[in-house]
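>>> I'll drop the sequence and a predicted model, then ask my questions.
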Amino acid sequence: MALLEVRQLRKLFSGTRFSRTGQVIHAVDSVSFEVENGESLGVVGESGSGKTTLARCILRLLEPTSGEIFFESEDLLSLGGGELRRMRRKLQAVFQDPFSSLNPRMRAAQIVEEPLIIHRLGNPQQRRSRVEEMFHMVGLETEGLCRFPHAFSAGQRQRIALARALVCGPSMLIADEPLAALDLVSQESLLTLMERLKLEMKISFLFISHGVVSAARLCERIAVMWRGRLVEVAPARVLFTSPLHPYTRALLRAVPDLEGAKNLRAPEPPDRTLRLGELYEASPGHWVAA
Amino acid sequence: MIATGSSAQPILEVHGLSVNVYKGEHRVPLLQDVSLQLVCGETLGLVGRSGSGKTTLALSIMRLLDAGFEISSGEILFKGQDLLRASSSEMRRLWGRHISMVFQEPYSALNPLADIGTQIGEVMQEHLGCTRAQARQRAAELLCDLDVDQPELRLRQYPHQLSGGQRQRALIAAALAGAPEILIADEPTTALDPVAQIQILNQLRDCCLKREISLLLISHDIPAVVALADFVVVMETGSIIEAGPVAHIIEAPMASPTKELLQAARRFSKSAILATI
Ligand SMILES: Nc1ncnc2c1ncn2[C@@H]1O[C@H](COP(=O)(O)OP(=O)(O)OP(=O)(O)O)[C@@H](O)[C@H]1O
Ligand SMILES: Nc1ncnc2c1ncn2[C@@H]1O[C@H](COP(=O)(O)OP(=O)(O)OP(=O)(O)O)[C@@H](O)[C@H]1O
Ligand SMILES: [Mg+2]
Ligand SMILES: [Mg+2]
């Protein structure tokens, strides 16, 4: 069975905190996909299309409205507190806004060490050296170990979040825009690190990113989201060479290029009222919404 | 500093700025002798590795550095007035209306307890004499210009109810709301998909042209800087290592950190990726 399997996942929100109008937002709508052991899936798509909501549902930080989620063959939605904690060791996350997910009152070293304490791994010395190892791994200087999150730059905070997520050796990492705050040289070095983790530690990534090129470098397959739905899933190369859905085409045309950067011409995204059907397999492994 | 043209009138000048932070007895320099100028109506791009000091520079200009920081030398002139000597009430008069900023991390920059409409409308009520209703009306228009779907609904939502890209656009709207003379945009498009990025960059460019806003654009996205900036400044570990007209820097970069950033940008292009996957 697949490492992660999501079936017909839906998440609806009522529009505002005190909803009078009863306006409903279909943040995630009938999303199904699988990620095999050791495989990585990139999730790209329109801003507001439900990528973060999808990640939060898988992590059980949000209760989905309906659908099923299996991780290592266990039904995630039926797990209770203790079982969920055990599962979290295997299923880690880096969030889109690293600053708000790092405890401002904890030093960087404590932030990275905490998961080891929660899961009762190692003694203090072992933990300490593991934390230093993680710091090196994500390219942070150990000189920063005792600093609080506010004393780092945005990109450095993203590295701390990554170190924390990796410290207890997960089998899957859900990473929501883990590179967005970094310059391209740093992005490359973290991508190389993640590729290494994939090969050496067999970590699977669910890699959510607006950087379509980064997603293609790290992931075997890419899923495209639009308006709460998956509109196309294909091997990375296939997606770049023969995109089928109009939104995917617009997305790829918009990928920035240094040459010709001066003429900022936005590709026309498809009409928002376009009706979306079920995914069908257009060619082996290449799925697109009808 | 290199001038951008003989008749060009700077609206903002930074001269010899040095900023330190104290760690106990220990003095850590964050900016060293930084000088630059933003020409009236132009866009200045600021690029550099993560951690090189870009946000520190932006916050120094805004006078929003935390208490632990020390500005040890330099001056920051806004139309000739030294902001480093301005009182806090004077700064409050300038914020939003004359100088405003799109902060790098939208989630922490927004107030979790106020709805989006209030946060965008605030500066218009405070500085432009708008009523609450007028401010909300204008806020909806701003969101609409920035391609946010269902703008009316967004006004009533709270930051945690928006997606990352929606929050970022709300922050841009809030920064533009007071029709400032200078806009400092610190990584304004990191949470946007590529299609939205182009749309928002276009909006920013048009808006700055139309209202003669001078833009300091801080970005890791080199193509975005190429698209918008007239002049570029490159930072590395707290110092400016290279500066020049954008075409110049792209075609003939001198400093090796600049070359590395440009090479990386080329490797992240569509054609380059197809060769490797
Ligand atoms: N707590 C919430 N209450 C109400 N609506 C919400 C809530 N969280 C998300 N939404 C809405 O759900 C939709 C999907 O949001 P989500 O954050 O999943 O998008 P995203 O794909 O991650 O976008 P981005 O790329 O901009 O981060 C948006 O329209 C958003 O406003
Ligand atoms: N309180 C502090 N103590 C020690 N170092 C600090 C403190 N605050 C910031 N720094 C350091 O100052 C440097 C500059 O940070 P700044 O946020 O200005 O970088 P940046 O260029 O904006 O980076 P990014 O692109 O990642 O946002 C970083 O290396 C950071 O670690
Ligand atoms: Mg998101
Ligand atoms: Mg910064």
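Yep, that arrived. Ligands and ions are numbered 1, 2, ... in the order given.
>>> any residue of stretch B:248-265 up close to ligand 2?
No: Stretch B:248-265 does not reach ligand 2 (C-beta under 6 Å from any ligand atom); its nearest approach is 11.6 Å. (Glycine included, C-beta is placed from N, CA and C.)
>>> Residue A:138 and residue A:156 touch, don't they?
No: counting by C-beta atoms under 8 Å, residue A:138 does not reach residue A:156; the two are 9.3 Å apart.
>>> domain ranges for chain B?
Annotated domains of chain B cover B:10-98+B:183-276, B:110-179 [automatic domain parsing].
>>> With mean neighbour count and mean pLDDT as extra columns, can I get those domains in TSV?
Shown next, in TSV, are these (neighbours: other C-beta atoms under 10 Å in any protein chain shown; pLDDT from 0 to 100):
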stretch	mean neighbour count	mean pLDDT
domain B:10-98+B:183-276	19	94
domain B:110-179	20	94
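>>> Generate a markdown table for those, with distance to residue A:208 as supplementary columns.
Converted to a markdown table, the domains of chain B look like this (distance: least, C-beta to C-beta, whole Å):
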| stretch | distance to residue A:208 |
| --- | --- |
| domain B:10-98+B:183-276 | 11 |
| domain B:110-179 | 10 |
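>>> Select, out of those domains, the one closest to residue A:271.
domain B:110-179 (12.7 Å; C-beta to C-beta).
>>> what's the first-to-last distance across that closest one?
Domain B:110-179 stretches 19 Å from its first residue to its last (C-alpha to C-alpha, to the nearest Å).
>>> what sits up against the helix or strand harbouring residue B:141?
Residue B:141 belongs to helix B:132-145 when assigned by DSSP states H and E. With C-beta atoms under 8 Å, 6 or more residues apart in numbering or on different chains as the test, helix B:132-145 has contacts from B:116-117, B:120-122, B:124-125, B:130, B:151-152, B:154-155, B:169-170, B:173, B:176-177, B:203, B:207.
>>> Among the domains of chain B, which comes closest to residue A:170?
Nearest to residue A:170, of all the domains of chain B, is domain B:110-179, at 22.8 Å by C-beta to C-beta.
>>> residues in contact with residue 166?
No chain was given, so I picked chain A. A:92, A:134, A:137, A:138, A:173, A:197, A:203.
>>> actually chain B
Contacts of residue B:166 were listed using C-beta under 8 Å, 6+ apart, and they are A:47, A:48, B:148, B:154.
>>> if I look at the first one, how far off is residue B:83?
Same thing as residue A:47. In this view, residue A:47 and residue B:83 are 34 Å apart by C-beta to C-beta, to the nearest Å.
>>> Next: residue B:65.
12 Å.
>>> Same check on residue B:125?
Residue B:125 is 25 Å from residue B:83, by C-beta to C-beta.
>>> When residue A:138 and residue A:156 are compared, which one has more neighbours?
Ranked by neighbour count (other C-beta atoms under 10 Å in any protein chain shown), residue A:138 and residue A:156 place residue A:156 first, with 23 against 20.
>>> so which helix or strand takes in the more buried one?
Counting by DSSP H and E, residue A:156 is found in helix A:154-166.
>>> before we move on, what about residue B:73?
Element membership for residue B:73, per DSSP H and E: strand B:69-78.
>>> This completes my enquiry, with thanks.
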